[in-house]
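Chemist: Below are the sequence and a predicted model; questions follow.
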Amino acid sequence: MRIKTRGRWRSGAGEVPRLPGTLALHRLDNGLTVGLLANRQAPVVTSALCYHAGTRDEEARHGGAAHFLEHMMFKGSAAYGPGEIDRRTQALGGANNAFTSHDATVYYFNFAADRWAEALAIEADRMAHLALDPAETGSERQVILEEIAMYDSDPWDALEMATMARLFPDHAYGRPVLGTKESLLATGDIDLRRFHSHFYRPDNATLIVAGDLGDDALDRVTAALGKLEAGAAPHPVLSPATFPTALERLDRDKGEVPRLLLALPAPAASDPEHAIARLLADLLAGGRASQLHRRLVDELELCAWISADVSDNLDSGHFSITAELIPGVEPERAEAALFAELAIRIATAPSEEELARARQIAIADWVFDHEKVHQQAVSAALSVALFTPDHHERQLAAMVEATADDLLAAAERWLHPERGAVLGWSYAR
Amino acid sequence: MTVADRGIVTNESVGKAADALGTRTGLTVRARRVEGAPVVAVRIWIPSGARAETAPGHAMLTGRMLAEGTRGRDFRRIAEEAENLGMNLTSFGGFEVYGVTADALARDWERALEWAAELTLESTFPADRAAFVARQIEADLESMGDQPEVRTAWGFLEQLYAPHPRARPVQGTVESLRAACPADTVAHHTRGLASGVLVGIAGAIDEDAVRKRAEELFSSLPKSAVPNAEPPAPSGTGERHREVATSAEDQAHLYMGHLTVPRGHADYEALELVAVVLGSGAGLTGRIPARIREREGLAYTAYAQTIAGSGFDPGRLVAYVGTSPDTVAQAERGVVEEIARLVDGGVTEDELEEARAYLLGRDPFQRETARQWAELLTEAALYGLPIDDPAWRLERLRAVDRSAAEAAARRHLRPADLLVTVGLPE
């Protein structure tokens, strides 16, 4: 299979920018999807390997297994002993890291253009021959327990985890990516090996190589990864998320600053309406002239800042509005002002000026978020693995084309807290 | 999409320092064409940050106020007109500099430069906005203080730097912010403009045209700069060990270290290489994270730096470990032993070459975008060092051999003198 999408930076009024260079997609015989994004803006190459497996693919009793496995991918395989991947990366002057989300797990390497193929050897070895030594597993479990303690101590992380658990009570999106102390203690090397065996297969993975590639990039990828054995297990079938049917409150006491997180259901990232919901978020809080910022921060002087976002989840998404209050402001006042402003937005279409501004912010943010080769690689890897190769570009195009009526309809559909939402408060102690 | 990564902390000790303040002209403009860049980045840096303020928080308040109104526009119009173009036009206050940042789509380079100049030269510091911005900064300060590692870091900085301004948060204090008035910001900015203005611009631009336009826009500035008075030297609080109460659930934050050298010091690059060996390199390769996290499993985050925060003032050796309150002593012992092992036993040739390869290898990644170039250009102007020139950096790093690295470690790292701050749950 060979699909090509072409693009270059374009930033004239009304034009939608696309990734620079050409994304050429191939599928190897073992099912590995390979995307080559040739772009000579700097003598660097990023490889991003995205496994279509995340928290959603775990058994609930082994919550955190996907993230635990991500850690263990650096702790030894047949050709690379524990810590050797980092040492090799450093010796070659590169950088690496990985992250786990509810839907996917991504591993990446940044190298100078003349040595990027080392990443392929590493990825092949740990896909096929991961060690999962029990002693290393036990040591890394302790590391993750410290990571959980770190998240629990952070006021925003703790509030977000508690709020998501309430918004998605029966869905994997309500579980923390890190798992819990109990689920980690119940997860050992056998469970991790099962997860690895099921999902860390070429036919469940997408590799994007972006940057100053040579002409033989596909040959190199094929030589390194083309002989790995396919055989990914089917993904668990998740029931649709069931959301609260009324506004639920979650009150916590933490820190010195009152913090608010209003989480509402939103369309999944694959839903055509997702792009409109994202533009709605920009309209509400994308920039200082946005509706919520103007009202709650600059006019009423209730909040130090406010933001809005829509998740990129594969299944049901969520809309989140977050804010920190000015010292001394009563939370009730801020809450009432927020709900009053949302009521206005449900009843009133945005002006043409507001709409045009939100579109410009969306375009500029897209450009700012895709400047680096690394950003381009990771973005493309997630698009190809979870959605379509041009997912982000199509989303941006849909945002630019959305009308005031579209936004009014989206606000009416998604911004009614009383129809089902979670309002999380972290009050000052 | 909730995301968790491996918690790797990379070396943030981007170069700083040198005593360039005394020789600066009123306006310094650096421009660079970045072929094909979709963004133009404008940086206006005024070298009168918190180290030059007369009361805590005045530099940040002054910086933040630059976007709150000018002679021609109020804050609403400034925001609307910038955002109509998708431009990020913001102002800021920092420890060494305060100023204005404009990131715009490439077509809008001239507007970005003009508006950045307008905010720099024509701000009116309206009183009603000053009161609110001070409260916003107070909220930022309290919000940061809610993060246990930040609260612990504040205690550590005070332990090392008192009575120097680096000893306190750049936001100032609740008391100083509440006492600040618009006249304070006007006075700070008047001194700031006299201390010189640095302009860095990068993007798909015509360098000569941009330089000329910048010189026109800033032509009202005096020809030469007036250096600020130097802050009191850092001497520390005299405590060897201090504890800080935090809101952590069940985690301790351990900071250990002491002062080292400023940016312009001859041993800067040698210490940068030593830092990679100790724990600021790729992944978890350094001796401290390898022991604390990889071998002993004590922490999610463990790193070490040798020139953290190095600028006009001395940077610091800092080893950080986030660990259980029960294992603080073990972590502390591990850090001391690893630093002592490096000072006493030196580094291997392999370690040094890997560290050099790492620093040189990541260099192209720091010169990818217009925004990165604009920061490098302005930073080079600030310190009077050609840190934007990859050849200069290559030469400096290549000049450090094993004996030079070990000598620098012996001169500047003192394991017996490490100061310790531990943040513990209340």
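Modeler: Sure thing, it's come through.
Chemist: so who does residue A:329 touch?
Modeler: For residue A:329, the set of contacting residues under the criterion of CB atoms under 8 Å, 6 or more residues apart in numbering or on different chains consists of A:258, A:302, A:303. All C-beta spots, glycine's among them, are computed from the backbone N, C-alpha and C.
Chemist: List, one by one, the residues from the stretch 101-250 of chain B near chain A.
Modeler: Applying the criterion CB under 8 Å from any CB of the partner chain, the portion of the stretch 101-250 of chain B that neighbours chain A consists of B:103-107, B:132, B:135-136, B:138-140, B:142-143, B:145-148, B:174, B:246-250.
Chemist: just checking, which of the contacts of residue A:329 belong to strands?
Modeler: Using DSSP state E, the members of the contacts of residue A:329 that fall within strands are residue A:303.
Chemist: now residue B:345: how far from residue B:274?
Modeler: The spacing between residue B:345 and residue B:274, counted by CB to CB, to the nearest Å, is 13 Å.
Chemist: cool, residue A:373 as well?
Modeler: Separation of residue A:373 from residue B:274 (CB to CB) stands at 30 Å.
Chemist: Give me the more crowded residue out of the two.
Modeler: Neighbour count, other CB atoms under 10 Å in any protein chain shown: between residue A:373 and residue B:274, residue B:274 has more, with 31 against 28.
Chemist: so who does the nearest residue to residue A:154 once chain neighbours are set aside touch?
Modeler: Beyond its immediate neighbours in the sequence, the residue positioned closest to residue A:154 (CB to CB, 6 or more residues apart in numbering or on different chains) is residue B:147, lying 6.2 Å away. If you count contacts by CB under 8 Å, 6+ apart, residue B:147 has them with A:153, A:154, A:155.
Chemist: Over to residue A:57?
Modeler: Taking CB under 8 Å, 6+ apart as the contact definition, residue A:57 lies against A:66, A:195, A:198, A:199, A:235, A:236.
Chemist: among these, who's most crowded?
Modeler: Looking at the contacts of residue A:57 with neighbours defined as other CB under 10 Å, the largest count falls to residue A:66 at 29 neighbours.
Chemist: Now name the helix or strand holding that residue.
Modeler: helix A:65-72 (DSSP states H and E).
Chemist: what are the ranges of the strands in the stretch 1-150 of chain A?
Modeler: Ranges of strands in the stretch 1-150 of chain A, per DSSP state E, counting those that start in this stretch, are A:2-7, A:21-27, A:33-38, A:44-51, A:95-100, A:105-112.
Chemist: Also the stretch 51-200 of chain B?
Modeler: According to DSSP E, counting those that start in this stretch, the stretch 51-200 of chain B carries its strands in the segments B:88-93, B:98-105, B:197-203.
Chemist: Also the stretch 251-400 of chain A?
Modeler: Along the stretch 251-400 of chain A, the segments classed as strands by DSSP E, counting those that start in this stretch run A:259-266, A:303-310, A:317-325.
Chemist: For the first one, name the packing helices and strands.
Modeler: Meaning strand A:259-266. Secondary-structure packing of strand A:259-266 (3 or more CB pairs under 8 Å, 6 or more residues apart in numbering or on different chains; DSSP states H and E): helix A:155-167, strand A:317-325, helix A:331-347, helix A:404-414, strand A:421-427.
Chemist: Just put those in a markdown table and tack on distance to chain B, mean neighbour count and mean pLDDT.
Modeler: Rendered in a markdown table, the data for the helices and strands packed on strand A:259-266 read as follows (distance: least, CB to the nearest CB, whole Å; neighbours: other CB atoms under 10 Å in any protein chain shown; pLDDT from 0 to 100):
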| stretch | distance to chain B | mean neighbour count | mean pLDDT |
| --- | --- | --- | --- |
| helix A:155-167 | 5 | 20 | 96 |
| strand A:317-325 | 6 | 24 | 97 |
| helix A:331-347 | 12 | 16 | 97 |
| helix A:404-414 | 16 | 18 | 97 |
| strand A:421-427 | 9 | 23 | 97 |
